[in-house]
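> the following block contains a protein sequence and its predicted model.
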Number of protein chains: 2
Amino acid sequence: MNYVNYEKYTAWMRKIADVKNAIAVLSWDQETYQPSMGADFRGQQISTLSGLAHDLFLNPELEKVLADLQTDTSLTDSQKKNVQLSFDDLKREKKYSTAFVEEISKAISEAYHAWVKARSKNDFKTFEPKLKKLVELKRKEAELLGYENHPYNALLNLYEPLQTVSDTDVLFDDLKKELVPFIKKIAEKKQPKNDFMFGHFPKQNQWQLGIELLKQMNFDFNAGRQDESVHPFTTAFAPTDVRLTTHIEEKNFYTMIWSCLHEGGHGLYEQGLPTSHYGLPGGEAVSLGIHESQSRLWENMVGRSLNYWKGNWKTVQQFFPGKFENLTAVDFYKAINMVEPSLIRIEADELTYHFHVIIRYEIEKLLLDGSLEVADIPAVWNKKYFDYLGVKVPNDAMGCLQDIHWSHGSFGYFPTYTIGSLYAAQFFHFAKKEIAGLDSMIENGDLKPLLEWLRKKIHQHGRLKSAKEISEDICGEPLNVKYFVDYAKEKFGN
Amino acid sequence: MNYVNYEKYTAWMRKIADVKNAIAVLSWDQETYQPSMGADFRGQQISTLSGLAHDLFLNPELEKVLADLQTDTSLTDSQKKNVQLSFDDLKREKKYSTAFVEEISKAISEAYHAWVKARSKNDFKTFEPKLKKLVELKRKEAELLGYENHPYNALLNLYEPLQTVSDTDVLFDDLKKELVPFIKKIAEKKQPKNDFMFGHFPKQNQWQLGIELLKQMNFDFNAGRQDESVHPFTTAFAPTDVRLTTHIEEKNFYTMIWSCLHEGGHGLYEQGLPTSHYGLPGGEAVSLGIHESQSRLWENMVGRSLNYWKGNWKTVQQFFPGKFENLTAVDFYKAINMVEPSLIRIEADELTYHFHVIIRYEIEKLLLDGSLEVADIPAVWNKKYFDYLGVKVPNDAMGCLQDIHWSHGSFGYFPTYTIGSLYAAQFFHFAKKEIAGLDSMIENGDLKPLLEWLRKKIHQHGRLKSAKEISEDICGEPLNVKYFVDYAKEKFGN
């Protein structure tokens, strides 16, 4: 066995991971503690480290080691898998020329600034030429990367490997078919009372409640922490150092808890990745969809369930004396599960959310295959919002300019939000089947068995099992909408 | 002019600075926010980045550019100076072989762990063999670096360039001569009342007072911040992002304020370094002694002066209602300026502090030139403490094991503490002469003119003026003890 070569490979990859994790620390600090004037040098520092990580990865010496290891029959299965995935990553990375990377970085920077301006002025025209340039470059990127059938596949696979446009079309069409009439039916019903969700909820109490709930879900505070930022996110510098952030609105009780549970779900996945594979594919999250399945499962299947709130109702009442005095866990449960079509994705409920995603996905595909001009985005956007959700978009700032993603060049990213929710429902169905008494465990705040199940089935594998393999192993079938639709109908049918 | 070469040199140096500043961010996080389990991977990440910075610096391409620039007559004076200093740095760095760096890193790691154990067990023998090894390597390092007259010069110059053992001997002997009888005289006097410095001082109020005092001294919170850590320190990621830390004791009012002012003084220096020289010697602090002069000046000359406390007395009273009710600024001033020989350096007052430094310096010199065996440190230590300070050392934990420095291999570092205090007194003397009405400005909280004077005389030059040049420019003479002794006699003579 070529032990020396495998050692060399792992040492090399760990070094790259060290640099990338340093970038993660710098980026985390940028969003949490960095004073305003530090931004310029910080941007430069991150860019220097990115360049160093890139150069380390594209070093011919590593490529040679990887090539040798590919024909090394003495490796274990997981070693082989690590080598294969790294080799594929390297092949993909090599397709990007320095000139292309520079061109697209510049285009992204310009598009981002134009987007900020366009949104504040509510003027799509300001963004249009920059977005057009970016779409052109994204089409070029798809060509560079190569694809089968649809150029969108190349970009989608950057976030969700092996997932195709055809798979996704089937999923999203099924979902539309089921949800459109269902949401219409719900819309006709009387909305529950929810005035108690507004008022004044002191920051310190919200913060402490969030920490309690994270502890209850077994987020390990010896291997992670939570801080504040404008937009909540999760990042990790190692499985032993996972950082969550949250944002607290004192007037609105709808945000903090589920942001904590959502990021906590991401965080538990990161804490569950094997440290023994640090720097190797085996130590990385398998896909954005699977990552999102973890956040959604904790946020929605657990955190918006009646059992969870029956169990935690006293806690919430204690944290906000007088606020929820004459209310029951059922009142709260109803208030946090209201379904109402709306304009803004990040404020959407568990059901209508998916139309926000599907609309963006459909538009992205059209842009990528050239059948939609950037100039026509607002019209198509507004029509789809009316067709799918029955809402009229009053202006582009609240319409196609609302999300940052396109200005960052993140085409292919949006679908993973819905894919994640579908995986979440599907996995949760099997968790319930396999963990006897899960419902009452959730009511009792005993969330460890669920975490252990997720650890065993998903977290511990890193990228050594693909998302599709994970799905097959857990469910005996690929991703489909059945479980999510069942979950939705049972929960929202009443 | 070889504009291309100079551009190449600056771009290269900035890249190295980016990596080093990334290390600083990781280290800052390690001391402030990092969860306990994150320590191992963090250590590895810092070590990887250190290796990358080292490799970048020792790259033959940079050496070639620097060699070419050395003969480039078209450079401006400050460009020439940058090049010369970088070339000297490079020459010095090249003297360390990889084998030596690895050997000393290992020895430091072992010495550190042995020191922690030795101190907790109060057993010098546990530390002795590891310290012996480290002293041997430090002697070897002095040989590698080269020196004139005394091997200690080589190590001292790592922290205080151009400062020699002969210079330092003169300074320290003068200081001893003046201070020993002076401190004896003070010791005979009645100590002022200071019971009001103990009790309960709520953390939040202390924190807020610290921030107010930092704002008053014009620390720029848009270009820096303060956080908490076990041991206060200052670090910078750029002049536009300077991080202070403090530590708050609720029962003891002696620590927080002067820790804030001390670190704030370091922080003002860092914020005053020119961003245009980022990554170049012109953008770096000139020496540890000058750095310490800034912290000491704000901590002692300003922050322990009667004027300062006359001005801030109401503020302190307001922050701690009832605590200082029947007291005046003069009572407070007396309490914070008590002189009393003691055993622990970091708790020492402004005068006896220097004996702690001098004792370590004298021992280090003896170790370096081979005239003292490591085994004999405790005996020599205890004798010197009795001779200079009249105190009996009850055990080694409170004696020669108290400081971390030797276990880190930091020989040559201690003298910069006293050198800094001497510079502080000397600079402050001239600041008072040149800034009309400085005393009343301090009383009025108008500290900007003093900062601007320091910016102009010291901060803006980075390393482009040596410590000795700065002293000559400000005072027309080199560093000496006269100003400190005058300051001490005036302040403590009453």
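That came through fine.
> distance from the chain centre to stretch A:483-490, please.
Its chain's C-alpha centre lies 21 Å from the corresponding centre of stretch A:483-490 when counted by C-alpha atoms, centre = their mean, to the nearest Å.
> near chain B, anything from the longest helix anywhere in chain A?
Of all the elements of type helix in chain A, the one with the most residues (DSSP state H) is helix A:3-32. Yes: applying C-beta under 8 Å from any C-beta of the partner chain, one finds helix A:3-32 touching chain B at A:14-15, A:18-19, A:21-23, A:25-26, A:29. Heads up, the C-betas are built off the backbone N, CA and C, glycines and all.
> list the buried residues of that helix.
A:5-6, A:8-10, A:12-26, A:28-32 (16 or more other C-beta atoms under 10 Å in any protein chain shown).
> and stretch A:428-441, by the same measure?
The neighbour-count check on stretch A:428-441 (16+ other C-beta under 10 Å) flags A:428-431, A:438, A:441 as buried.
> residue contacts, A:Glu325?
Residues near A:Glu325 by C-beta atoms under 8 Å, 6 or more residues apart in numbering or on different chains: A:Gln317.
> what's the average pLDDT for stretch A:391-404?
The predicted model assigns stretch A:391-404 a mean pLDDT of 96.
> just stretch A:61-73 next, same as before
Stretch A:61-73 shows a mean pLDDT of 95.
> buried set for it?
In stretch A:61-73, counting by 16+ other C-beta under 10 Å, buried: A:62-63, A:65-66, A:69.
> over to stretch A:74-89?
Going by neighbour count (16+ other C-beta under 10 Å), the buried part of stretch A:74-89 is A:75, A:78-83, A:85-87, A:89.
> cool, and stretch A:321-334?
Within stretch A:321-334, the residues that qualify as buried by neighbour count (16+ other C-beta under 10 Å) are A:323-324, A:329, A:331-334.
> separation between A:Gly437 and A:Gln216?
Between A:Gly437 and A:Gln216 the distance is 17 Å, computed by C-beta to C-beta, to the nearest Å.
> what's the neighbour count on whatever residue of the stretch 1-150 of chain A ends up closest to chain B?
Using C-beta to the nearest C-beta, A:Gly38 is the residue of the stretch 1-150 of chain A that sits closest to chain B, at 3.1 Å. Around A:Gly38 there are 26 other residues, counting by other C-beta atoms under 10 Å in any protein chain shown.
> phi and psi next, for it.
phi -80, psi -10 (degrees, to the nearest 10).
> what sits against A:Lys215?
Contact analysis of A:Lys215 by C-beta under 8 Å, 6+ apart lists A:Phe221.
> and it, what element?
helix A:203-216 (DSSP states H and E).
> pull out the buried positions in that helix.
Neighbour count says helix A:203-216 has A:205-207, A:209-211, A:213-214, A:216 buried, by 16+ other C-beta under 10 Å.
> please apply the same query to stretch A:250-259.
When neighbours are counted by 16+ other C-beta under 10 Å, the buried residues of stretch A:250-259 are found to be A:253, A:255-259.
> the closest residue in space to A:Leu288 that isn't next to it in sequence: neighbour count?
When the adjacent residues along the chain are set aside, A:Leu288 lies closest to A:Thr416, with 3.9 Å between them (C-beta to C-beta, 6 or more residues apart in numbering or on different chains). Residues near A:Thr416, counting by other C-beta under 10 Å, number 24.
> any idea how far A:Thr416 is from A:Ser410?
The separation that A:Thr416 has from A:Ser410, given C-beta to C-beta, amounts to 10 Å.
> likewise for A:Ile257?
A:Ile257 sits 27 Å away from A:Ser410, going by C-beta to C-beta.
> what of A:Ser109?
With distances defined as C-beta to C-beta, the gap from A:Ser109 to A:Ser410 amounts to 14 Å.
> which one's more surrounded, those two?
The neighbour count for A:Ser109 versus A:Ser410, taken as other C-beta under 10 Å, is higher for A:Ser410 (17 against 14).
> list the contacts of the residue in the stretch 351-494 of chain A that chain B sits nearest to.
Relative to chain B, the nearest point of the stretch 351-494 of chain A is A:Gly462 (15.6 Å; C-beta to the nearest C-beta). Under the criterion of C-beta under 8 Å, 6+ apart, the contact list for A:Gly462 reads A:273-274, A:277, A:280-286.
> give the phi and psi angles for it, as a check.
Dihedral angles for A:Gly462 - degrees, to the nearest 10 - are phi 50, psi -130.
> and the residue nearest the centre of chain A, what is it in contact with?
Computing the C-alpha centroid of chain A and ranking residues by C-alpha atoms, centre = their mean puts A:Glu292 first, at 4.2 Å. Residues counted as contacts of A:Glu292 (C-beta under 8 Å, 6+ apart) are A:416-417, A:419-421, A:423-424.
> the same query, at a cut-off of 7 Å, please.
By C-beta atoms under 7 Å, 6 or more residues apart in numbering or on different chains, the residues touching A:Glu292 are A:416-417, A:420.
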